[in-house]
Structure formats: structure tokens, C-alpha cells
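[1] Dropping a prediction and its sequence here:
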Amino acid sequence: MLYSMEINETEKILIQNAREYYEIGLDAEKKKNYNSAITLYFKALAVFCDLLILKKIGKIPSSHSERFRILETLDKEIYELVDRDFTFYQNSYRARLGLDACSIIHDDVRRISEKIGIKI
């Protein structure tokens, strides 16, 4: 399902933030700083989810757990991606992750941005 997005000021800020996280994540990935890239990609992913939630129900979640609860009922496909990728994000604090994990979350950011109609 492709979501239609009319853009207000808050949404513009969210889009700018997501693009910034994504672009800096690309730089980190090119430098093989995979943990940093994963963290930044997950932040972009979370912001795109918040944008979707804002458009669909008119609010921005205040925490990861609230985001997950809302996504689980709002869009099961996105929920499953974010739920899986959250593990990479958490592990990036306490383990050295590599290109495989980075590529998965990178692809998921692109997939979600396309699904909600935002070009990155």
C-alpha cells in the first residue's frame, strides 16, 4: 500500500531529519563504520514510521514501544521490518556488526520510504 502524503511543517522537519540520518548513514557505511551506519539508518527508519503514524492518526509516538504498538495494528508489514531491525539497532551498542546487518537495515529504510512516498 502506497500512502499519500500532504506535507505540513512538522512533516517537513521529519523528512529532513530522516534524510539527514540516511545520508550520514551512507557516509558511515562507505567508511565501513557499520555500527554507526546501522544506528543512523534505524533513526531514519523510525522517523519515517513516525511520519506515517502522524499522517494516519495525527500524533507522533513518544517512544519505541509506542511506535511498535501503533505500527502493529496500522501496518503489519512495516511493523515486522522495524521489529526485526530494532535488534540490529540495539546490538550496535554492544557488538561489532558487519555489512550484512547494515545492508538489511539500509534496504528497509529505502523500502519504507518508497512505501510512504518519500524520496531519499
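    Nice, thanks for sending it over. Residues are numbered from 1 along each chain as shown.
[2] Against Leu97, how distant is Phe88?
    Per C-beta to C-beta, to the nearest Å, Phe88 is found 6 Å from Leu97. Quick note: C-beta positions are derived from backbone N, CA and C, even for glycine.
[3] shared neighbours of these two, anything?
    Ile38 (C-beta atoms under 8 Å, 6 or more residues apart in numbering).
[4] where along the protein do the helices fall?
    Per DSSP state H, the chain carries helices over the ranges 9-30, 34-57, 64-74, 76-91, 99-115.
[5] Which strands or helices does the shortest one pack on?
    It stands for helix 64-74. Using 3 or more C-beta pairs under 8 Å, 6 or more residues apart in numbering; DSSP states H and E, the elements in contact with helix 64-74 are helix 34-57, helix 76-91.
[6] Out of these, which gets nearest to Leu26?
    Leu26 sits nearest to helix 34-57 of all these, at 7.6 Å, using C-beta to C-beta.
[7] Now do that closest one: which elements does it pack against?
    Partner elements for helix 34-57 (3+ C-beta pairs under 8 Å, 6+ apart): helix 9-30, helix 64-74, helix 76-91, helix 99-115.
[8] So which residues make contact with the second one?
    Surrounding helix 64-74, the residues in contact under the criterion C-beta under 8 Å, 6+ apart are 46, 49-50, 52-53, 56-57, 61, 78-79, 82-83, 86.
[9] which of those tops the neighbour count?
    Cys49 (27 neighbours; other C-beta atoms under 10 Å).
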